[in-house]
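> Sequence and predicted structure below; questions after.
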Amino acid sequence: MHPIAPARRFICTGNRKLATAATQSVIPSNELGYAQQNDKKDDFPTANIDDRKVSLMWEPHNWSRFHHVWLRDHCRCPDCFHPITKQRLVNTFDIPPDIKPINVRSTAEGLEVTWPATATETHSSFYPWFWLQENTYDPSPRNSRNTDERVLWGSRIANSPPTVTHQDVMGSSDHGLYKYLSNVDKFGFCLVTGVPATPEATEQLSERIGFIRETQYGKFWEFTADLSKGDTAYTTMALGAHTDNTYFTDPCGLQLFHLLSHTEGTGGATLLVDGFYVASILKELHPNLYALLARVPVPAHAAGEPSALYRPSPPTGYPTLRLDAVSDELVQVRWNNDDRSVMSHLDPSLVEDWYKAIRMWNKLLTSQDSEYWIQLTPGTVLTVDNHRVLHGRSAFDGKRRVCGAYIGVDEYRSKLAVLQEKFSSGSRLTSHEPSVGRSVWSPSL
Ligand SMILES: C[N+](C)(C)CCCC[C@H](N)C(=O)O
Ligand SMILES: O=C(O)CCC(=O)C(=O)O
């Protein structure tokens with residue numbers, strides 16, 4: 001385990017020219033020789049030290065407070081945080097619980113803090129202002145840090161479904177791919193037009209996002225109504241709005257569908273429902289039913305293949321609506337009433353209310369206002385965020401071939417994050433670090 005930063009004085013300024021703004025005089029303010037900034041000759045945030053925290057005044061009546069131990073633990077100098085792997089090197093557990101800065105200094109780019117390291121040596125840390133503001137926890141941010149510009153939709157999305165072209169997505173620049181995945185992030189789905197109606201082109205498109213997630217249905221799958229796999233997707237039956245993989249502990253993130261052909265028959269239209277839109281209505285109209293769906297775990301299974309019996313861990317499953325433990329925001333919808341297992345864990349007092357809740361959920365899911373029906377055609381690939389948008393299909397006859405793939409949620413979110421770094425967030429590199437590669441100040445590291 002890496003010891004707490006070596007005893008030598010380490011100023012993590014790299015080749016940064018110390019900000020000329022070091023105009024503040026620092027006056028030792030108490031017998032421990034701990035100093036705090038006093039007269040400020042600039043408009044940088046005021047920094048003050050008390051026994052446990054550094055307080056920053058961004059402007060009058062707008063303060064943030066950071067515990068000393070928190071700041072020391074979050075030092076991003078190359079000795080405390082690996083500049084390439086972005087992993088913590090400082091030994092958190094060697095940081096004295098009562099650690100306190102020797103002094104703090106506001107500079108043009110951020111806050112400099114000097115820590116006691118040994119009896120004679122110190123360690124200096126630097127925190128950019130934008131990073132401190134982004135990661136303020138006291139007071140907790142008023143609005144959720146999640147800056148997603150998510151657009152909830154109902155049936156009227158049919159007027160302008162999010163669409164990109166195959167040429168754009170597969171182009172040499174990643175910008176087309178960024179537009180594609182930004183649409184999925186914003187709307188929960190996106191159509192890709194102009195895709196050659198072949199499994200090969202569809203697989204290539206899938207892998208443009210990230211590696212395909214292999215399951216009991218195969219890696220890249222093609223299916224038709226032949227029950228070649230033990231699932232009703234391999235029949236001509238209608239399938240109600242559902243998310244896939246409720247029987248997995250970790251349902252896939254994206255699902256791509258490409259209707260390759262449909263001959264000698266009709267039907268097989270695709271249904272999409274924005275689960276976040278429907279949940280917002282349920283929460284508004286029936287908050288108690290919403291709360292129940294966010295509380296009651298639903299078991300599920302995939303037991304149609306003799307060689308497989310999938311159930312999530314724990315077997316009681318996960319709630320239909322998963323809420324962020326901190327922000328309470330809805331982060332995932334998990335719903336497939338066909339794949340649901342026996343509800344043997346329900347508290348008897350909840351049984352009737354739970355059925356009332358799922359009846360209301362189903363009523364909203366299947367309302368005309370929620371349902372978006374689209375008849376897919378060869379050449380158009382549908383990509384669905386399986387954590388948000390439910391999909392289904394109408395019954396059909398004739399010969400219908402569909403191909404597609406699953407992409408893991410982490411592969412999808414990672415690719416999106418890399419593209420957002422590249423195209424949407426301005427450079428976060430401070431003059432403390434090499435001007436190439438990912439900044440140690442990238443969001444949420
Ligand atoms: C997509 N593909 C046809 C390969 C499999 C479909 C699996 C459907 C399953 N009932 C679920 O909800 O996950
Ligand atoms: O056949 C379709 O269009 C969709 C099948 C389906 O819902 C699924 O594979 O999960």
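Noted; the coordinates are in hand. Bear in mind that the values here come from a model prediction, so they are computed numbers and not experimental data. Ligands and ions are numbered 1, 2, ... in the order given.
> Could you use CA atoms for every contact and neighbour count after this?
Fine.
> count of residues packed around whichever residue of the chain sits closest to ligand 1?
Closest contact between the chain and ligand 1, by Cα to the nearest ligand atom, is at residue 244 (3.3 Å). Burial of residue 244 is recorded as 22 neighbouring residues (other Cα atoms under 10 Å).
> SS state for it?
Look at residue 244: counting by DSSP: H, G, I helix; E, B strand; the rest coil, its state is coil.
> Against residue 255, how distant is it?
8 Å (Cα to Cα, to the nearest Å).
> Could you do residue 357 as well?
27 Å.
> ok, those two, which is more surrounded?
Between residue 357 and residue 255, residue 255 has the larger neighbour count (other Cα under 10 Å), namely 24 against 20.
> Could you list every helix and strand in contact with the helix or strand where that one lies?
Assigned by DSSP states H and E, residue 255 belongs to strand 254-263. Packing partners of strand 254-263 (3 or more Cα pairs under 8 Å, 6 or more residues apart in numbering; DSSP states H and E): helix 199-209, strand 381-385, strand 399-407.
> repeat that with 6 Å
Here strand 254-263 touches strand 381-385, strand 399-407, going by 3 or more Cα pairs under 6 Å, 6 or more residues apart in numbering; DSSP states H and E.
> got the angle between the helix or strand just after the last one and strand 254-263?
Looking back up the chat, that one is strand 399-407. Of the helices and strands lying after strand 399-407 in sequence (DSSP H and E), the nearest is helix 409-423. Angle, helix 409-423 to strand 254-263, by axes from the mean of the first three to the mean of the last three Cα atoms, to 10 degrees: 100 degrees.
> I'd like to know how many residues surround residue 213.
Neighbour count of residue 213, defined by other Cα under 10 Å: 18.
> In contact with it: list those residues for me.
Residues in contact with residue 213 (Cα atoms under 6 Å, 6 or more residues apart in numbering) are 406, 407, 408.
> Try it again at 7 Å.
Going by Cα atoms under 7 Å, 6 or more residues apart in numbering, residue 213 touches 219, 406, 407, 408.
> ok, now residue 404?
Residue 404 makes contacts with 202, 220, 221, 222, 256, 257, 258, as judged by Cα under 7 Å, 6+ apart.
> So which of the contacts of residue 213 wins on neighbours?
residue 406 (29 neighbours).
> Any idea what the nearest residue to that residue once chain neighbours are set aside is bridged to?
Distances taken as Cα to Cα, 6 or more residues apart in numbering place residue 255 nearest to residue 406, at 4.6 Å, with adjacent residues excluded. Note on residue 255: beta-bridge partners by DSSP bridges are residue 384, residue 406.
> does residue 255 really touch residue 387, like I thought?
No: using Cα atoms under 7 Å, residue 255 is not in contact with residue 387; the gap is 10.0 Å.
> quick one, helices of this structure?
Counting by DSSP state H, residue ranges of the helices within the chain are 68-73, 129-134, 166-170, 175-187, 199-209, 275-285, 287-293, 351-365, 409-423.
> And the closest residue to ligand 2 within the stretch 1-150 of the chain, what's its pLDDT?
Residue nearest to ligand 2 within the stretch 1-150 of the chain: residue 150 (23.8 Å; Cα to the nearest ligand atom). In this prediction, residue 150 carries a pLDDT score of 95.
> leaving aside the residues next to it on the chain, what's closest to it?
That would be residue 186: by Cα to Cα, 6+ apart, it lies 4.4 Å from residue 150.
> hang on, the earlier thing: would you turn the helices of the chain into JSON lines with mean pLDDT?
As requested, the helices of the chain are exported to JSON lines (pLDDT from 0 to 100):
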{"stretch": "helix 68-73", "mean pLDDT": "98"}
{"stretch": "helix 129-134", "mean pLDDT": "95"}
{"stretch": "helix 166-170", "mean pLDDT": "98"}
{"stretch": "helix 175-187", "mean pLDDT": "98"}
{"stretch": "helix 199-209", "mean pLDDT": "98"}
{"stretch": "helix 275-285", "mean pLDDT": "98"}
{"stretch": "helix 287-293", "mean pLDDT": "98"}
{"stretch": "helix 351-365", "mean pLDDT": "98"}
{"stretch": "helix 409-423", "mean pLDDT": "95"}
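> Tell me which of those is the most buried.
Of those, the one with the most neighbours on average (mean count of other Cα atoms under 10 Å) is helix 175-187, at a mean of 22.
> tell me the angle of that one relative to strand 254-263?
Using the same axes, to 10 degrees: helix 175-187 against strand 254-263 is 100 degrees.
> And residue 288, how far from residue 332?
The value you get for residue 288 to residue 332, if Cα to Cα is used, is 18 Å.
> residues contacting residue 219?
Residues counted as contacts of residue 219 (Cα under 7 Å, 6+ apart) are 212, 213, 405.
> what bridges to whichever residue of the stretch 301-445 of the chain sits closest to ligand 2?
Nearest to ligand 2 in the stretch 301-445 of the chain, going by Cα to the nearest ligand atom, is residue 392, at a distance of 4.6 Å. Under DSSP bridges, the beta-bridge partners of residue 392 are residue 271.
> Who are the contact partners of it?
Residue 392 neighbours (Cα under 7 Å, 6+ apart): 239, 240, 241, 242, 270, 271, 272.
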